[in-house]
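Asker: how does the following fold in three dimensions:
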Amino acid sequence: MALTLDNAAPVTTAAPSAHRHAPPWRGPALGLLLPLTVAVGWEAAVYLGWSNGRLVPPPSRVFSTIAELARTGELTRHVVATLGRVAAGFGLGVLSGSVLGAVAGYWSVARRLLDPTVQALRAIPSIAWVPLFILWLGIFETSKVALIAVGVFFPVYLGVMGAIRSVDRKIVEVGRAFRLSGPAMIRRILLPAVLPAYVLALRVGLGLGWMFVVAAEFMGASEGLGFLLIDGQQLGKPAQIVAAIVIFALLGKTTDWLIEIATLPLLRWQDAFDRHDGET
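Answerer: Numbers count the residues shown, from 1 in each chain. The predicted structure follows:
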């Protein structure tokens, strides 16, 4: 049976949606909607007497605690100490994870040699490293930074290795057909192909770095947000504990957002569904 195009439905191009260019504040506003709703709801519950707010203090009491810590300068001291540890541990973890992940992803012999050991070490709970690091490195900053670096290392290692191994063979063949040199192959083919997964691994590693800094600051720290948690528990100050948790959340989200913003120009070439979906 012959087919003609006479009755075929005309191909139309979709008109730009009215919601295509959403205002830039819509994303952050939607993200704040849930925590603000929970905070306002809990504040109202305590105000109306449905809860005494003793163990779970209302937001007004938590913000008063944060303001008091800021007024005395304690907040700045603890935040700077924690940020310094996370930055140092994140840097070390990213450096070692990127190098070993690239080696294991690019050379199969190195992967067979390294990967079983790394996977076995990855299964060790973070808290199990604490006594060993204290014995090896002492109770001061070195052991804390090393513990954070361990937490950052594994997701970065896995992300880099997996990204290199999953590069489409056909685009590598295209590079070889154009007789690209080794550095040119890395710069023009491999690096753009692994960047999306690498950025995601950095964000996961940073999140684990913030988790590991709490365990690190339990190791006899005298300053830092983890110290505020322990101090609040020992002195029976739930508002201080919740305040430290809120500051952890704000710092974690801010640093994650900074990574996202800093790497955005490197990923503009992507024609991903999520990028278009985020604009609607």
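
Asker: please make it C-alpha for all contacts and neighbour counts, starting now.
Answerer: Will do.

Asker: mind listing the helices for this protein?
Answerer: Per DSSP state H, the chain has helices spanning 26-47, 59-72, 74-106, 108-122, 126-137, 141-165, 169-177, 182-185, 191-217, 225-234, 238-263, 273-277. These are given in chain order.

Asker: ok, and what's touching stretch 108-122?
Answerer: 103-105, 154 (Cα atoms under 8 Å, 6 or more residues apart in numbering).

Asker: neighbour count and pLDDT added to those residues, as TSV?
Answerer: As requested, the contacts of stretch 108-122 are exported to TSV (neighbours: other Cα atoms under 10 Å; pLDDT from 0 to 100):
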residue	neighbour count	pLDDT
V103	19	90
A104	24	91
G105	23	87
F154	25	94
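
Asker: how about those residues in TSV, adding distance to W50?
Answerer: Formatted as TSV, the contacts of stretch 108-122 follow (distance: Cα to Cα, whole Å):
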residue	distance to W50
V103	59
A104	57
G105	57
F154	45
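
Asker: before we move on, the earlier item: just say which of the helices of the chain is most tucked in.
Answerer: Mean neighbours per residue, mean count of other Cα atoms under 10 Å, is largest over the helices of the chain for helix 141-165, with a mean of 25.

Asker: which secondary structure elements does that one contact?
Answerer: Counting contacts by 3 or more Cα pairs under 8 Å, 6 or more residues apart in numbering; DSSP states H and E, helix 141-165 packs against helix 74-106, helix 126-137, helix 191-217.

Asker: for G53, which of the helices of the chain is the nearest?
Answerer: Closest to G53 of those is helix 26-47 (Cα to Cα; 5.9 Å).

Asker: for that closest one, packing partners?
Answerer: Counting by 3+ Cα pairs under 8 Å, 6+ apart, helix 26-47 packs on helix 59-72.

Asker: could you dump the helix it packs on to PDB, C-alpha only?
Answerer: The C-alpha coordinates for helix 59-72 follow below in PDB (Å, rounded to 0.1, in the frame of the first residue of the first chain):
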ATOM      1  CA  PRO A  59      11.800  28.600  65.700                       C
ATOM      2  CA  SER A  60      11.600  31.900  67.700                       C
ATOM      3  CA  ARG A  61      13.600  30.300  70.500                       C
ATOM      4  CA  VAL A  62      16.100  28.800  68.100                       C
ATOM      5  CA  PHE A  63      16.700  32.100  66.300                       C
ATOM      6  CA  SER A  64      17.100  33.800  69.700                       C
ATOM      7  CA  THR A  65      19.800  31.300  70.500                       C
ATOM      8  CA  ILE A  66      21.500  31.900  67.100                       C
ATOM      9  CA  ALA A  67      21.300  35.700  67.700                       C
ATOM     10  CA  GLU A  68      22.800  35.400  71.100                       C
ATOM     11  CA  LEU A  69      25.700  33.200  69.800                       C
ATOM     12  CA  ALA A  70      26.300  35.800  67.100                       C
ATOM     13  CA  ARG A  71      26.200  38.700  69.500                       C
ATOM     14  CA  THR A  72      28.900  37.100  71.700                       C
END
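
Asker: quick one: mean pLDDT for it?
Answerer: Averaged over helix 59-72, pLDDT sits at 93.
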